[in-house]
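Undergrad: Take a look and give me a structure for this.
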Amino acid sequence: MSTAEMARAVEAFILREARLLDRGEFEAWLELYAPQGIYWMPSQPHQTDPLGVPSIMYEDHAILSMRVQRLLEARALVLTPMPRTTHLVSNIEVEDTDGDEISAQAAFICVEHQGERQRMFSGRHAYQFARENGSLRIKMKRVDLLNCDGVHAPITIPL
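TA: Presented below is the predicted three-dimensional model:
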């Protein structure tokens with residue numbers, strides 16, 4: 001696959017991820033992750049240690065699976081009404097391709113609407129992908145919120 005084809009495949013993957021989240025297709029979203037995949041949201045700018053320093057979120061595949069089940073649980077009062085989101089993703093850049101590993105970054109804005117409340121999140125996504133059987137899977141997704149060091153109410157829908 002050429003560099004241009006790889007860049008297009010990564011862009012399509014990232015846009016598909018946003019679309020799945022916005023449509024509430026959380027099980028399909030979880031399938032984008034490799035079995036060892038990690039979703040990380042640091043609590044400090046330029047944070048390098050996800051375990052020795054508290055993070056807003058640091059979730060492996062098992063915890064992500066529990067999150068998805070919680071989102072699908074009809075009796076979850078905190079999710080009544082179910083939050084709706086719009087993810088805007090831009091400035092997608094493929095940084096490195098090394099064999100079966102690919103790194104990419106993107107800027108994002110996510111608007112979350114629930115009942116009468118609306119919140120906006122913005123920042124950058126950093127991805128580490130693995131190529132598995134001809135398709136991409138997320139090994140690590142780092143969500144660097146612009147205001148990561150602020151006070152945050154629980155974030156239910158992944159950003």
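
Undergrad: What residues sit buried inside stretch 21-36?
TA: Residues Leu21, Asp22, Gly24, Phe26, Trp29, Leu30, Leu32, Tyr33, Ala34 are the ones in stretch 21-36 that count as buried (16 or more other Cβ atoms under 10 Å). The way it works is simple: take the backbone N, C-alpha and C, and place the C-beta from them, glycine included.

Undergrad: ugh, typo on my part, it should be stretch 50-60
TA: Pro50, Ser55, Ile56, Met57, Tyr58, Glu59.

Undergrad: ditto for stretch 107-125
TA: Buried, per 16+ other Cβ under 10 Å, within stretch 107-125: Phe108, Cys110, Glu112, Gln114, Phe121, Gly123, His125.

Undergrad: Sticking with the third one, tell me its helix or strand.
TA: When secondary structure is defined by DSSP states H and E, Glu112 falls within strand 101-114.

Undergrad: Convert that strand to CSV, retaining C-alpha atoms only.
TA: Taking Å, rounded to 0.1, in the frame of the first residue of the first chain, the C-alpha atoms of strand 101-114 are listed here in CSV:
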residue,chain,number,x,y,z
GLU,A,101,2.3,-0.2,13.2
ILE,A,102,1.0,3.2,12.2
SER,A,103,0.8,6.5,14.2
ALA,A,104,-1.6,9.3,13.4
GLN,A,105,-3.0,12.5,14.9
ALA,A,106,-6.1,14.5,14.4
ALA,A,107,-7.7,17.6,15.9
PHE,A,108,-11.3,17.2,17.2
ILE,A,109,-14.3,19.0,18.6
CYS,A,110,-17.1,17.0,20.2
VAL,A,111,-20.4,18.5,21.2
GLU,A,112,-22.4,16.4,23.7
HIS,A,113,-26.1,17.1,24.2
GLN,A,114,-28.2,15.5,27.0
